[in-house]
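>>> can you look at this prediction? I've put the sequence above it.
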Amino acid sequence: MSKKKKNKFYSQPSNSSQTDFHKLTIMGLAFQRAEEKKKKDADGTIPPYNSTGVTTETIKTDKPPFQQHSHAVNRAPSTPVQSPEKPTCVSSQASKKTEIVLPPARVTYDLPKPTAITTRSAPPVNLGIKPVQRQTFNLDIGSFRYDTEKNNKEKSNVNGKSQVHQGQYRYESDVVIGFDFGTSSSKVVIRDFGRQTAYAIPFESLACHGNVYLIPTQIFISDDGSLNLLKGELPFGNLKTTLMDQPWEILFSSTKITDPITSVDLAAAYISLVIRHARSWFLKHNELIYKNTHIHWHVNLGIPSKNYDDEKKKNIFQTITMAAWRLSRHDSIITIADVKKYLKEAADHIKTGGKNIDTEDYEALWIHPDFVNMHPEVIMEVVGYANSPLRANGLHMLVDIGAATLDAATFDIYQDRGDNHFGLLVTKVERYGAIELHNRRMMTLKNSMQKLLKHVNSIDPTVRLPDSAHYEIQMERKDLSENDDKFFKECSDKIGEVIRDTKNSRDPNSSAWASGLPIFLCGGGGRHPRYRDLLENLGSSIASSLINVREFNIMQIPKPNQLDAPELPYSEYDRLAVAYGLSFTADEIGAVIPESKITDIHQKRRTNIYEDRYVSKDMC
């Protein structure tokens, strides 16, 4: 049949069953097919199948084609129907029946939608959390307040993902999170061992005012038990100081929480929130790089040098960091109940050596204890220097002035079989940081004010009241000046003790004494000019009193080229030096020998034998 005749045949109306079939459109057949299937399903019958697996049915109708089509449309099922391919028809003039062979229906599957990241709603119960009165060092939270007008809420795109790929990858890489847990602010540097590139993490809305790479060491507790880095009913900013002094000290109590909130709980929650933000930033800004790469995560946490010999303290820090990693995998809010749960599980994993941890899964929720390490902050601060062209072997000293503490240490740098070795000789951590100076000044002002008020209040009630000039209070600057002199004299004595012990018994024969002991002055508090003056005066005093000892060589830690921190000035690198050193793997760092593992060197003192010089009368 020619195309012209075929078109004409389709346009001619007819009452025959064969013509009825041709009057049905493809869509009409589809709806009719769906309607009959629906009816047969209701009757419990199954359409017959031919040898080729194609459903064979016989359709006969005396209704006009348009009524049939309209009926199918009105009874269309609620679910969408796939349009079938053009049917194959076999006509029989003798039987006046039209046999229509339809293709098999397309099978579809209702696949579940990807689970959306949801925020767990806060518990409706008011827990009645109250702070516990304590006699501890108090770091005023206002000392590191940031710009709350511009930064009024936490970034919503932070989640608990630890990989970019979805299970299919071609490469693997070790990535280390270097976490500098500071007294007033914390810093994080993430470094890829394979690519030899490190990223200083900017904290954006969470950052301290004036430096995007510093985040306040503070946490907020809401009355429902949730924890946050930006807002909450109960702020707490003494996280590190309380953790160092009394890890299990009760900070907050509640009538509806069985176990009270301790320093360990808040430290784990804080570190988890910071890690979650840092890891999310790193994956987002390097998504294309790690699209086909599986990351093996490591976490290094800095601890005070005096705690490096304390295995019990190191175990507490490791437990906190492991629990913090698990908490950081949450996409939702973190509560006190979550913290306590994972602290217990982390302790169990450390005891068993991580035998129950499955790290093969690409989205493993736990990190193996072998990948969580503690390192002394003073050594980590010079790891970048030890791996730079400026590195020199031998005796060094570092003085880190933080917000609350002064950390002074002497150490040897040397190589053994190609690996770096750092031998801690003398370490001392004292409360002589910048905020301690501020607290001393405030106490001096308070005492001076009390004296002045006492003087103003001392009048003779029998005579006329003095004029208003009598009540004008003027503070004497000498009080503050005397306070500062006393404070820095104490600092000088503490640093002098470290130098004296090192010279007398720890490394008396070092060539650094004659060439000038190299000293690194670091930390935010070290920018106060009095600290540098203190070291210069101390060096001059020692050099003038000892033979073959020169003045100190005060140095600045160089900023490494591998660190990606575009908004960090060169002079501010020492604020990130600890975090950068912590971003190296344990193999790259080398061996750190604790102070207790290094024996003293007793220098043989010369004695003057005056008899050798004395000329007796018998010799004349």
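That came through fine.
>>> hmm, residue 532 is touching residue 554, no?
Yes: taking Cβ atoms under 8 Å as the contact criterion, residue 532 and residue 554 are neighbours in contact, 6.9 Å apart. Every C-beta, even on glycine, is put in place using the N, C-alpha and C of the backbone.
>>> what touches both of the two?
Here residue 532 and residue 554 share the contacting residues residue 521, scored by Cβ atoms under 8 Å, 6 or more residues apart in numbering.
>>> now do the helix or strand residue 454 falls within, average pLDDT.
Taking DSSP states H and E as the criterion, residue 454 maps to helix 434-457. Averaged across helix 434-457, pLDDT comes to 88.
>>> quick check: phi and psi at the closest residue to residue 250 other than its chain neighbours.
The spatial neighbour of residue 250 that comes closest, neighbours along the chain excluded (Cβ to Cβ, 6 or more residues apart in numbering), is residue 260 at 4.4 Å. Comment: the main-chain dihedrals of residue 260 come out as phi -70, psi 170, following degrees, to the nearest 10.
>>> correct me, but residue 260 touches residue 266?
No: at 11.4 Å, residue 260 and residue 266 do not qualify as touching, with contact defined as Cβ under 8 Å.
>>> now do the shared contacts for the two.
Joint contacts of residue 260 and residue 266 (Cβ under 8 Å, 6+ apart) are residue 251.
>>> skipping its backbone neighbours, what lies nearest residue 531 in space?
Counting by Cβ to Cβ, 6+ apart, the nearest residue to residue 531 once its immediate chain neighbours are dropped is residue 401, at 5.4 Å.
>>> that neighbour: neighbouring residues, count only.
24 (other Cβ atoms under 10 Å).
>>> same check, this time on residue 435
By the criterion of other Cβ under 10 Å, residue 435 has 21 neighbours.
>>> residues in contact with the residue nearest to residue 250?
132, 250-254.
>>> ok, those residues vs residue 579, which is closest?
When these are compared for distance to residue 579 (Cβ to Cβ), residue 251 comes out closest, at 26.1 Å.
>>> wait, the closest one touches residue 239, no?
No: Residue 251 is beyond contact range of residue 239, at 9.6 Å (criterion: Cβ under 8 Å).
>>> so where's the stretch 501-620 of the chain uncertain?
Of all residues in the stretch 501-620 of the chain, those with pLDDT under 70 make up the ranges 603-620.
>>> before we move on, what's the pLDDT of residue 92?
Listed pLDDT for residue 92 reads 42.
>>> three-state assignment of residue 485?
helix (DSSP: H, G, I helix; E, B strand; the rest coil).
>>> quickly list what's touching both of residue 251 and residue 239.
Common neighbours of residue 251 and residue 239 are listed as 263, 266 (criterion: Cβ under 8 Å, 6+ apart).
>>> check which helix or strand covers the residue nearest the centre of the chain.
The residue at the geometric middle of the chain, judged as the C-alpha nearest the mean C-alpha position with Cα atoms, centre = their mean, is residue 275 (1.8 Å). Secondary structure assignment for residue 275, by DSSP H and E: helix 263-285.
>>> for that helix, C-alpha coordinates in PDB please.
What follows is helix 263-285, C-alpha atoms only, in PDB (Å, rounded to 0.1, in the frame of the first residue of the first chain):
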ATOM      1  CA  SER A 263      36.300  19.600  81.600                       C
ATOM      2  CA  VAL A 264      36.800  16.400  79.500                       C
ATOM      3  CA  ASP A 265      33.300  16.600  78.100                       C
ATOM      4  CA  LEU A 266      33.500  20.200  77.000                       C
ATOM      5  CA  ALA A 267      37.000  19.800  75.500                       C
ATOM      6  CA  ALA A 268      35.800  16.800  73.400                       C
ATOM      7  CA  ALA A 269      32.800  18.700  72.200                       C
ATOM      8  CA  TYR A 270      34.800  21.800  71.300                       C
ATOM      9  CA  ILE A 271      37.500  19.900  69.400                       C
ATOM     10  CA  SER A 272      34.800  17.900  67.500                       C
ATOM     11  CA  LEU A 273      33.000  21.100  66.300                       C
ATOM     12  CA  VAL A 274      36.300  22.700  65.200                       C
ATOM     13  CA  ILE A 275      37.400  19.500  63.400                       C
ATOM     14  CA  ARG A 276      34.000  19.200  61.600                       C
ATOM     15  CA  HIS A 277      34.300  22.800  60.300                       C
ATOM     16  CA  ALA A 278      38.000  22.400  59.300                       C
ATOM     17  CA  ARG A 279      37.400  19.100  57.500                       C
ATOM     18  CA  SER A 280      34.300  20.400  55.700                       C
ATOM     19  CA  TRP A 281      36.200  23.400  54.500                       C
ATOM     20  CA  PHE A 282      39.100  21.300  53.300                       C
ATOM     21  CA  LEU A 283      36.900  18.900  51.300                       C
ATOM     22  CA  LYS A 284      34.900  21.600  49.800                       C
ATOM     23  CA  HIS A 285      37.900  23.600  48.500                       C
END
